[in-house]
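**Q** Have a look; sequence and predicted model below, questions after that.
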Amino acid sequence: MNIYATLFCSVSYKTDVSISRRSLSKDPRTFNDEREQALKLIRSFIDIPDGIKYMPIGVMRAIVSIAEQADEKLRPICLETLAEFGI
């Protein structure tokens, strides 16, 4: 199953992406790999049509929170993600 089919199944079964939000809120020193993978999942919604509609506001707030941190490793990626989502 390719990534698009997986995302469409996720959206059609109302699977919440707030798991990614929890991953993004973890300690960046010890869970950086998990946070990076969660951000990759969130960014994959850019590729599906109207993918932004399925993104919970809490996930977007978590991305904004990371983007506001000056010493955050994922800050440039979060800024790029917000720009691609059109915020």
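**A** Done, it's in. Numbers count the residues shown, from 1 in each chain.
**Q** Tell me how far residue 59 lies from residue 71.
**A** In this view, residue 59 and residue 71 are 22 Å apart by Cβ to Cβ, to the nearest Å. No exception for glycine: its C-beta is placed from N, CA and C like everyone else's.
**Q** For these two, indicate the residue with more neighbours.
**A** Higher neighbour count among residue 59 and residue 71: residue 59, with 22 against 6, using other Cβ atoms under 10 Å.
**Q** Which element, helix or strand, includes the more buried one?
**A** Under the criterion of DSSP states H and E, residue 59 resides in helix 57-68.
**Q** List the buried residues of that helix.
**A** By neighbour count on 16 or more other Cβ atoms under 10 Å, the buried set for helix 57-68 is 58-60, 62-63, 66-67.
**Q** With stretch 38-47 instead?
**A** Neighbour-count burial for stretch 38-47 flags 38-39, 41-43, 45 (criterion: 16+ other Cβ under 10 Å).
**Q** so which of these comes closest to residue 31?
**A** residue 38 (9.4 Å; Cβ to Cβ).
**Q** My guess is the closest one contacts residue 31. True?
**A** No. Assessed by Cβ atoms under 8 Å, residue 38 is found out of contact with residue 31, at 9.4 Å.
**Q** Overlap in contacts, the two.
**A** Common contacts of residue 38 and residue 31 (Cβ atoms under 8 Å, 6 or more residues apart in numbering): residue 23.
**Q** pLDDT below threshold where in the protein?
**A** Low-confidence segments of the chain, defined by pLDDT under 70: 1-22, 87.
**Q** on that earlier part again, looking at the buried residues of helix 57-68, which two lie furthest apart in space?
**A** 58 and 67 (15.0 Å).
**Q** I'd assumed residue 43 was in contact with residue 55.
**A** No. Residue 55 is beyond contact range of residue 43, at 10.5 Å (criterion: Cβ under 8 Å).
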